[in-house]
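Q: predicted model and sequence below, questions to follow.
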Amino acid sequence: MVQSDEVPRILAELQHTRKRLARAEGLITLGHVAAQAAHKLNSCLAVIQGYAQLLLEEELDDETKATIRKIDQEAQKAAEVVAQLANLAKQERESGSENA
């Protein structure tokens, strides 16, 4: 049986646990949203890079090819950033589920 003087401590622990659970659920949700966004961005970047590669096979002037190479390089950089964000999202989901 719970002693009456323990009630405030138990209520404080319960409040703390609820806050931790809410934070963990939020991290899990954020991780899912970030993973979905990363997937969609990767799809777009793959299309951009694919078209850039196809264009580089065409007979174009040097300036145009240089511009296309720059587009391809920047799309690759963006894909690397997306991969880092996806990794972070995965870590946050795992961390959130462990703390739940």
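A: On my side now, so go ahead. Quick caveat: nothing in here was measured; it's all calculated off a predicted structure. Residues are numbered from 1 along each chain as shown.
Q: what's the closest non-adjacent residue to residue 53?
A: Here the nearest residue to residue 53 in space, its sequence neighbours aside, is residue 72; by CB to CB, 6 or more residues apart in numbering that works out to 6.8 Å. To be clear about C-beta, it is placed using only N, CA and C from the backbone, and glycine gets the same treatment.
Q: tell me the contacts of that neighbour?
A: For residue 72, the residues meeting the contact criterion (CB atoms under 8 Å, 6 or more residues apart in numbering) are 48, 49, 52, 53, 56.
Q: once you drop chain neighbours, what's closest to the first one?
A: If I follow you right, that is residue 48. Here the residue nearest residue 48, using CB to CB, 6+ apart, is residue 75, at 4.6 Å.
Q: that neighbour: neighbouring residues, count only.
A: Residue 75 is flanked by 19 other residues according to other CB atoms under 10 Å.
Q: where's it, which helix or strand?
A: Taking DSSP states H and E as the criterion, the element that holds residue 75 is helix 62-99.
Q: chain center to that helix: distance?
A: Here the centre of mass of C-alpha atoms in helix 62-99, compared against the chain's by CA atoms, centre = their mean, to the nearest Å, lies 10 Å away.
Q: show me what the longest helix along the chain is packed against.
A: Using DSSP state H to assign secondary structure, the helix with the most residues in the chain is helix 7-56. The contact analysis (3 or more CB pairs under 8 Å, 6 or more residues apart in numbering; DSSP states H and E) places helix 7-56 against helix 62-99.
Q: tally up the residues packed near residue 74, please.
A: The number of residues packed near residue 74 is 14, by other CB under 10 Å.
Q: how close does it sit to residue 15?
A: As judged by CB to CB, to the nearest Å, residue 74 and residue 15 stand 48 Å apart.
Q: quick one, the longest helix of the chain and helix 62-99 angle?
A: With axes from the mean of the first three to the mean of the last three CA atoms, to 10 degrees defining the directions, helix 7-56 sits at 160 degrees from helix 62-99.
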